[in-house]
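Trainee: 3D model of this:
(2 chains)
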2 protein chains.
Amino acid sequence: MKQRVLRVGLVQQTCGDDPEENLRASIEGVREARAAGAELVLLPELHRTRYFCKVQDPACFDLAEPVPGPTTDALGAAAAELDVVIVGSLFERRARGLYHNTAVVLERDGTLAGIYRKSHIPQDPGYEEKFYFTPGDTGFRPVPTSVGRLGVLVCWDQWFPEAARLQALAGADLLLLPTAIGWDPADDEAERQRQLDAWVTVQRGHAVANILPLLACNRTGAEPDPAGGPDIPFWGSSFICGPQGEVLARAPAEEACVLTAELDFSRSERLGRIWPFFRDRRIDLYDGLTRRCQDPQPR
Amino acid sequence: MKQRVLRVGLVQQTCGDDPEENLRASIEGVREARAAGAELVLLPELHRTRYFCKVQDPACFDLAEPVPGPTTDALGAAAAELDVVIVGSLFERRARGLYHNTAVVLERDGTLAGIYRKSHIPQDPGYEEKFYFTPGDTGFRPVPTSVGRLGVLVCWDQWFPEAARLQALAGADLLLLPTAIGWDPADDEAERQRQLDAWVTVQRGHAVANILPLLACNRTGAEPDPAGGPDIPFWGSSFICGPQGEVLARAPAEEACVLTAELDFSRSERLGRIWPFFRDRRIDLYDGLTRRCQDPQPR
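Mentor: Numbers count the residues shown, from 1 in each chain, chains lettered A, B, ... in the order given. Take a look at the predicted model:
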């Protein structure tokens, strides 16, 4: 079993009104992570813009762009300059009336290594994503890169064990989740804490169940509500954990920052030998997972 | 939305050489939990005996019993006497050469409400379960009872998000996991802590992903190794959490004790409205879950 160590990083950032300024901040963060030794850097969901999905506004479709396009060009140039793999996120215009929330992977030579289109799309007050994003059709296939097979998922996907499992079954070496999640200002402090803990816990759980390291990169900072309500405080708290769900690095809630941590992939290999979950999956009993529900009888 | 509150309990116990004494201790624990108001009480995995799977010994099949049988009779009598629902666990002899690790649910009138046969069977040094237990064929169907639909799983099942998800899809109101897990005396303190945290985290993750309360009941105490090695310390740490994975009660590692907590099922209902994961499952993308793996290409 050969040891394979990789330093990874993520950029927890604020996103203001100017997309160019936001992208500049993303790339500055990548540069900082690279200087700290990271060979793979994850950015937050939709890092080029404000979180525009707070309201349903047809004008916001102007923020979308093709893939490849300006953001992949800029991230590709940064990847090549810095000799680093970058996982970014953008609002993709695929065709007229057909838009996606898409993660993009730039290889260290600047080429586009692959994309992942967000599969699970939320829709609740303040997160009006079903208006903007067609559910992704890429499926859950890791993107092969020079630093490993990247199991990229996006935000709401993080609540679905199916998504993480399918990336693992397809050979992912680690899971990466760009995200944009914040508190409802109407909730009290105890509820906020429960939500944040649930978000951390369910993702650490994916790491444990799939014996894979995981990076979750969130934005931070309060963003104004175009509908005139209170600002939405994004909760930051980005983290990197190992294949037992052990937290290796964690960002604060309210501060832009760069995190890095060293992953040792030989640990996943060792753990998979002594806790061999994949050996024991009962695929003969799992048909129900592809159904909506089992329609329980009334009580 | 009507509020429905239920106090639940679990019995973290040691298990010695005398099965009758162990069963007496289980029932004493149920009595204590009932006195504290619990209407549903969970016992640890295989609570009537030592954890005999540390070695592969054909003589240990003598510990098995039919269902219904002596243990369900005793637990049923206790359930009826105390007016409480009990989830127990035993080594089931189903037919010659066909044995299971089976959870049994006793209704408050003493009748056998249903069973669940452990589906995922471990096999690693000190946990020689594939020698003893045929993988269960009950599937993941909650047991309907007077206190709700019980999503019972057993021990190694706890590492499989598929098992929890299928119980939820079939209408479980809560998840219950009798277990027997301990440390390898050869591991250092940091590794022990990572393993315990992983065990807690993956189960809290099931609670979050399925918006269900969860009870995990482990045995405690060091048990001798029949092969003459060091004692195996079972790590206790039983817990009860709510549908956001929030820990409501937690036992220490090394002490027999009874835990109770109050569950409010209207919280699951409310959470399922604002974080409606089940609405958004991409069953059109989940076929791979019923396959062994996706056979990734070589790097």
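Trainee: For the stretch 101-250 of chain A, which segments count as helices?
Mentor: A:129-132, A:161-169, A:189-210 (DSSP state H, counting those that start in this stretch).
Trainee: The second one near chain B anywhere?
Mentor: What that stands for is helix A:161-169. Yes: contact of helix A:161-169 with chain B is found when judged by Cβ under 8 Å from any Cβ of the partner chain, involving A:161, A:162, A:165, A:166, A:169. C-beta coordinates here come from the backbone N, C-alpha and C atoms, glycine included.
Trainee: The residue in the stretch 151-299 of chain A positioned nearest to chain B: neighbour count?
Mentor: Closest approach between the stretch 151-299 of chain A and chain B, counting by Cβ to the nearest Cβ: residue A:205, at 2.1 Å. When counting by other Cβ atoms under 10 Å in any protein chain shown, one arrives at 29 neighbours for residue A:205.
Trainee: so what's residue A:155 up against?
Mentor: A:45, A:101, A:118, A:122, A:177, A:178, A:179, A:180, A:181 (Cβ atoms under 8 Å, 6 or more residues apart in numbering or on different chains).
Trainee: again, only this time at 7 Å
Mentor: Listed by Cβ atoms under 7 Å, 6 or more residues apart in numbering or on different chains, the contact set of residue A:155 reads A:45, A:118, A:177, A:178, A:179, A:180, A:181.
Trainee: Stretch A:266-276 near chain B at all?
Mentor: Yes: applying Cβ under 7 Å from any Cβ of the partner chain, one finds stretch A:266-276 touching chain B at residue A:274.
Trainee: Would you mind listing the buried residues in that stretch?
Mentor: A:267, A:268, A:271, A:272, A:275 (16 or more other Cβ atoms under 10 Å in any protein chain shown).
Trainee: gap between that stretch and the chain center?
Mentor: Its chain's average C-alpha position is 24 Å from that of stretch A:266-276, according to Cα atoms, centre = their mean, to the nearest Å.
Trainee: Put the alpha carbons of it into PDB.
Mentor: The C-alpha trace of stretch A:266-276 is given here as PDB (Å, rounded to 0.1, in the frame of the first residue of the first chain):
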ATOM      1  CA  SER A 266      -3.500   5.500   2.200                       C
ATOM      2  CA  ARG A 267      -5.700   6.000   5.300                       C
ATOM      3  CA  SER A 268      -8.900   5.400   3.200                       C
ATOM      4  CA  GLU A 269      -7.200   2.300   1.800                       C
ATOM      5  CA  ARG A 270      -6.400   1.000   5.300                       C
ATOM      6  CA  LEU A 271      -9.800   1.900   6.700                       C
ATOM      7  CA  GLY A 272     -11.500   0.100   3.800                       C
ATOM      8  CA  ARG A 273      -9.700  -3.100   4.800                       C
ATOM      9  CA  ILE A 274     -10.700  -3.200   8.400                       C
ATOM     10  CA  TRP A 275     -14.200  -1.600   8.100                       C
ATOM     11  CA  PRO A 276     -15.100  -3.000   4.600                       C
END
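Trainee: Averaged pLDDT, that stretch. What do you get?
Mentor: Mean pLDDT, computed over stretch A:266-276, is 91.
Trainee: same question, stretch A:190-208
Mentor: The model assigns stretch A:190-208 a mean pLDDT of 98.
Trainee: Distance from it to the middle of the chain?
Mentor: Averaging C-alpha positions (Cα atoms, centre = their mean) puts stretch A:190-208 15 Å from its chain's average.
Trainee: got the CA positions of that stretch in CSV?
Mentor: Taking C-alpha atoms only, stretch A:190-208 is exported to CSV below (Å, rounded to 0.1, in the frame of the first residue of the first chain):
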residue,chain,number,x,y,z
ALA,A,190,-30.5,27.4,19.3
GLU,A,191,-32.2,26.6,15.9
ARG,A,192,-29.3,28.1,14.0
GLN,A,193,-26.9,26.0,15.9
ARG,A,194,-28.9,22.8,15.2
GLN,A,195,-29.0,23.6,11.5
LEU,A,196,-25.3,24.3,11.3
ASP,A,197,-24.5,21.1,13.3
ALA,A,198,-26.9,19.1,11.1
TRP,A,199,-25.1,20.4,8.0
VAL,A,200,-21.7,19.5,9.3
THR,A,201,-22.8,16.2,10.7
VAL,A,202,-24.6,14.8,7.6
GLN,A,203,-21.5,15.6,5.4
ARG,A,204,-19.1,14.1,8.0
GLY,A,205,-21.5,11.1,7.9
HIS,A,206,-20.9,10.8,4.1
ALA,A,207,-17.2,10.8,4.7
VAL,A,208,-17.5,8.0,7.3
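Trainee: In CSV: the buried residues of stretch A:266-276, plus secondary structure.
Mentor: Putting the buried residues of stretch A:266-276 into CSV (DSSP: H, G, I helix; E, B strand; the rest coil) gives the following:
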residue, secondary structure
A:267, helix
A:268, helix
A:271, helix
A:272, helix
A:275, coil
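Trainee: doesn't residue A:60 fall inside a helix?
Mentor: Yes: counting by three-state DSSP, residue A:60 is found in a helix.
Trainee: Include distance to residue A:65 when you put the residues of helix A:161-169 next to chain B into JSON lines, please.
Mentor: What follows is these, written out as JSON lines (distance: Cβ to Cβ, whole Å):
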{"residue": "A:161", "distance to residue A:65": "32"}
{"residue": "A:162", "distance to residue A:65": "29"}
{"residue": "A:165", "distance to residue A:65": "31"}
{"residue": "A:166", "distance to residue A:65": "28"}
{"residue": "A:169", "distance to residue A:65": "32"}
